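Trainee: I need the structure of the sequence given here:
(chains A and B)
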There are 2 protein chains.
Amino acid sequence: MATSPVLTPRAEDFPRWYQELVNKAELAENGPVRGTMVIRPYGYGIWERMQADMDARIKRTGVQNAYFPLLIPQSYMTREAEHVEGFSPELAVVTHGGGKRLEEPAVVRPTSETIVNDYFAKWVRSYRDLPLLINQWANVVRWEMRPRLFLRTSEFLWQEGHTAHATFDQARDFAAGIHRDVYQDFMTQILAIDVVPGRKTARERFSGALNTLTLEAMMGDGKALQMATSHELGQNFSRAFGTRFLTREGTREHAWQTSWGSTTRMVGAMVMAHGDDHGLRLPPRLAPVQVVVLAVKGEDAVLTRARALAEELGTAGLRVRIDDRTDVPFGRRAVDWELKGVPVRIEIGPRDLAGDAPGGGGTATLVRRVPRTKEQVPLATLATTLPGLLEDDQALLLNQTRERRVQHTENVRTIGEAVEAATAGGWARLPWSALGPQGEAALAEHAVTVRCLVAEDGSVPRTEDEPGTVALVARAY
Amino acid sequence: MATSPVLTPRAEDFPRWYQELVNKAELAENGPVRGTMVIRPYGYGIWERMQADMDARIKRTGVQNAYFPLLIPQSYMTREAEHVEGFSPELAVVTHGGGKRLEEPAVVRPTSETIVNDYFAKWVRSYRDLPLLINQWANVVRWEMRPRLFLRTSEFLWQEGHTAHATFDQARDFAAGIHRDVYQDFMTQILAIDVVPGRKTARERFSGALNTLTLEAMMGDGKALQMATSHELGQNFSRAFGTRFLTREGTREHAWQTSWGSTTRMVGAMVMAHGDDHGLRLPPRLAPVQVVVLAVKGEDAVLTRARALAEELGTAGLRVRIDDRTDVPFGRRAVDWELKGVPVRIEIGPRDLAGDAPGGGGTATLVRRVPRTKEQVPLATLATTLPGLLEDDQALLLNQTRERRVQHTENVRTIGEAVEAATAGGWARLPWSALGPQGEAALAEHAVTVRCLVAEDGSVPRTEDEPGTVALVARAY
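Mentor: Here you go, the predicted structure:
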């Protein structure tokens, strides 16, 4: 098919294509303070659906939502040595409140481990209070020098989970469970994005964690995007804040903790993983609008039929929007729905009503966004056939991201080969033993990073030193 | 019944009772930065249910959710003269970001009219783009000198709606519609709180508005609480930010706007409107847990029966929690559920299983939190009878707040009488013509304010000058 005139082709300039798509599909715009973002209704609707699905998953694990303050006393940040080192360069600092200079400046939370532990230290008394399982949906601020909408913004929206456990094993298992059953399953099943679970190297780990689990996805240009992370915090924060509990045996111990987060970056991932030169392609299970019924002309019979179909499909459980803006040219509306990535478009025009479809009742043009097919179909069967087609499209998108990843991942032996593969727009796999922290530093000079460490069988290694550990290496957003 | 030993009686010290209840029912705690608040899971669960119901109502009016940045360039605040005057004393200011002093300081949003208009000015081109109907769920910061959990906090959570319309009338009608169909109906039907709709005087109006509609409720001590406000902004912000549109006639005009907000303060209203000396009393339609099934003892037969009942009630559509923590003394658990205000408690003990109820199947003790009744009932009928009882309790709570308001509202003729009535812990009604801005200033010396102006028939007057306008006067939170 012809190249869309509305977007710069991906092959020509991927970052520009991304920015144009985010703007033209009305997902988001830059905010006035550097690096901030206005999320427009269509983009926010996608985020709302992500939130609803994730929130239900999180609650099923026994976690409860709560809310901790935006403003954190500056001194809290310094209590955990690695934490302050990692976050200091990114902090926004409130120095004045209510017209006066504050005695102690407050930072706008970049993440909430410190303030959460201030309260966990009060709430946790005995082993009976454990595990303590909390999540919050909130905004955080991390000053961003090279902002990009959704991917890197000075303010972003996220959920951050914080839990305290009685033992190292329980904390580790909980983090692993969230990572697998909430994050990985959500990304695979709902976002239709193939993700690789792995562990971060010491260099890439969360500031203050013993271990960070990640999920890495390959974007349309072969670069990697970190989709979510789950941290084993060990006793680092519980020691810094005195979060101790009375054990069953009567001793007092510091709690073992986890934290885990996923952000509005996932909206950007939707764009970069599934988008094509015509716009966004939304996975049907996520899409705020699954089906748009488009009245080609403003004749009464057409409008009546279009509205009746929309009603029928809505009753069948589909998320439907009617487009009866017949004062706007048909072509412009079609392009707009393509841009917005609505999985199915049904066009009804005057000729369709006269159509002699089997069973009568006229026909319609069915345009599927994911495979980009167009066919004439009987109106009467749509309510029955669409749910299956949407599931097919969901599977197709997941497969495309998986095939892309497999095709563009190369097994290499040397650092030079890894840099070459990553620079060419793909991922490289090489033995971690052939790389190590020195090799990692060498990669960094070429803006290439170790995205994660994986075991040869695809599982997540317990330590960096496990024999057979493989480093997955790429350029990343 | 005996006074609860866990709370200071309301009659003795209402503010202290409030604070103890908020803490002991585990709703919230003070945050480390002055005036901030940690909302604990039980309190947040109440807010989540408020959000879900309100969000659906807001969406039914055609409003879409979006998200605007937390940080607003300081200069934006100064563009609308009254707005900056009203909010300047309450601003939190970010002066440093990413380790550097910012060229222009940013304020943490106290409300978003300014930044929203910056984008409305870009998005609104022609009358075809109107009405533009946006809402956001967000946190805001207004520095608070005399903080009180939920009621006055330096950071609070809220929804803020922002709309733009082609005419004054359309804007006014939209604000009135939100006020009535979203706010008033939600408060009456879900929160079970009687509210009085009225208009604010010029003195109490939102900074930058032509008119502010309010809903005022009487708390347990006779003071007033402002529950939500809706503003007609006229063209004040559209002029300041250049939000103009091409009319159907080809002229260019500034848009007519509204904004409207409701906050986590509503959780405090739940406590102060419905709470008694034993704790919270939650309206059943709102309560995160409507029924707690409490196993009195840890015997297998009791636990089995309790769990089966919880399952049965859950299937019947009730929000049920099982309390099988039989290692905690029964009395302590009962007091805790009273504190938390769960509408119905069902206690199952060993004797109940032997009970010879009609139809067999044993009995249970049914304790209703709202009317504080306790009776022995057959287990088998609970799933059928409870929904009706919960609706009765919902109605009872609403009636109690209505009766309280009627009983403690006095018609007076003079400012002196109004001060006396308000100081005694009630509301006073007097002709606005007998009061006026001068009288209002005189009231303020006694910490008494005009809560709102109403017409004699209970409707909202279009102007302050309408004959027969009545001022509702009280002390307020």
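
Trainee: from what I can see A:Tyr67 touches B:Glu155, true?
Mentor: No: in this structure, A:Tyr67 is not within contact of B:Glu155 by C-beta atoms under 8 Å, at 9.3 Å. C-beta coordinates here come from the backbone N, C-alpha and C atoms, glycine included.

Trainee: pull the CA atoms of stretch A:435-452 into PDB?
Mentor: The C-alpha trace of stretch A:435-452 is given here as PDB (Å, rounded to 0.1, in the frame of the first residue of the first chain):
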ATOM      1  CA  LEU A 435      31.900  -9.200  29.000                       C
ATOM      2  CA  GLY A 436      31.900  -8.400  32.700                       C
ATOM      3  CA  PRO A 437      31.800  -5.000  34.300                       C
ATOM      4  CA  GLN A 438      34.800  -3.900  32.200                       C
ATOM      5  CA  GLY A 439      33.300  -5.000  29.000                       C
ATOM      6  CA  GLU A 440      30.100  -3.200  30.100                       C
ATOM      7  CA  ALA A 441      32.000   0.000  30.500                       C
ATOM      8  CA  ALA A 442      33.500  -0.400  27.000                       C
ATOM      9  CA  LEU A 443      30.000  -0.900  25.500                       C
ATOM     10  CA  ALA A 444      28.900   2.300  27.200                       C
ATOM     11  CA  GLU A 445      31.300   4.300  25.100                       C
ATOM     12  CA  HIS A 446      29.200   3.300  22.100                       C
ATOM     13  CA  ALA A 447      25.900   4.100  23.900                       C
ATOM     14  CA  VAL A 448      25.300   0.400  24.100                       C
ATOM     15  CA  THR A 449      24.100  -1.200  27.400                       C
ATOM     16  CA  VAL A 450      23.600  -4.600  28.900                       C
ATOM     17  CA  ARG A 451      19.800  -4.700  29.000                       C
ATOM     18  CA  CYS A 452      19.700  -7.700  31.200                       C
END
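
Trainee: buried set for it?
Mentor: Applying a neighbour-count criterion of 16 or more other C-beta atoms under 10 Å in any protein chain shown, one finds A:435, A:439-440, A:442-443, A:448-452 buried in stretch A:435-452.

Trainee: One more: stretch A:457-464?
Mentor: In terms of neighbour count (16+ other C-beta under 10 Å), stretch A:457-464 has its buried residues at A:460-461, A:464.

Trainee: near chain B, which residues of the stretch 51-200 of chain A show up?
Mentor: Taking C-beta under 8 Å from any C-beta of the partner chain as the criterion, the neighbours of chain B within the stretch 51-200 of chain A are A:64-73, A:76, A:88-99, A:106, A:108, A:115, A:118-119, A:122, A:134, A:138-139, A:141, A:143-145, A:154-155, A:157.

Trainee: In helices, which of the residues you listed appear?
Mentor: Members of these lying in helices (criterion: DSSP state H): A:76, A:115, A:118-119, A:122.

Trainee: Correct me if wrong, but A:Val182 is in a strand.
Mentor: No: read with DSSP: H, G, I helix; E, B strand; the rest coil, A:Val182 is helix and lies in no strand.

Trainee: ok, the residue nearest to A:Phe245 when sequence neighbours are not counted - contacts?
Mentor: The shortest distance from A:Phe245 to any residue that is not its chain neighbour, by C-beta to C-beta, 6 or more residues apart in numbering or on different chains, is 5.1 Å, and that residue is A:Val124. Applying C-beta atoms under 8 Å, 6 or more residues apart in numbering or on different chains, one finds that A:Val124 lies in contact with A:130, A:132, A:164, A:243-245, A:255.

Trainee: the helices in the stretch 151-300 of chain A, which residues?
Mentor: In order along the chain, the stretch 151-300 of chain A carries the following helices (DSSP state H, counting those that start in this stretch): A:168-177, A:185-189, A:236-241, A:265-274, A:300-315.

Trainee: Against A:Gln184, how distant is the residue nearest to A:Ala176 when sequence neighbours are not counted?
Mentor: The shortest distance from A:Ala176 to any non-neighbouring residue, by C-beta to C-beta, 6+ apart, is to A:Leu213 (6.9 Å). With the distance defined as C-beta to C-beta, to the nearest Å, A:Leu213 ends up 10 Å from A:Gln184.

Trainee: And the least confident helix or strand in chain A by mean pLDDT, what's buried?
Mentor: Ranked by mean pLDDT, DSSP states H and E, the weakest helix or strand in chain A is helix A:350-354, scoring a mean of 81. Residues of helix A:350-354 classed as buried under the neighbour-count rule (16+ other C-beta under 10 Å) are A:352-353.

Trainee: The closest residue to A:His231 other than its chain neighbours: how many residues sit nearby?
Mentor: What sits nearest to A:His231 in space, not counting adjacent residues and going by C-beta to C-beta, 6+ apart, is A:Ala209, at 4.0 Å. Here the count is done by other C-beta atoms under 10 Å in any protein chain shown, and A:Ala209 has 26 residues near it.

Trainee: Please name the residues that touch A:Ala209.
Mentor: A:Ala209 makes contact with A:231-234, A:236, A:259, according to C-beta under 8 Å, 6+ apart.

Trainee: out of these, who has the most neighbours?
Mentor: Counting neighbours by other C-beta under 10 Å, A:His231 leads these with 29 neighbours.

Trainee: Give the helix, strand or coil label for A:Val419.
Mentor: Reducing the assignment at A:Val419 to three states with three-state DSSP gives helix.

Trainee: Surely it and A:Thr449 touch.
Mentor: No: A:Val419 is not in contact with A:Thr449 according to C-beta under 8 Å; the separation is 11.1 Å.
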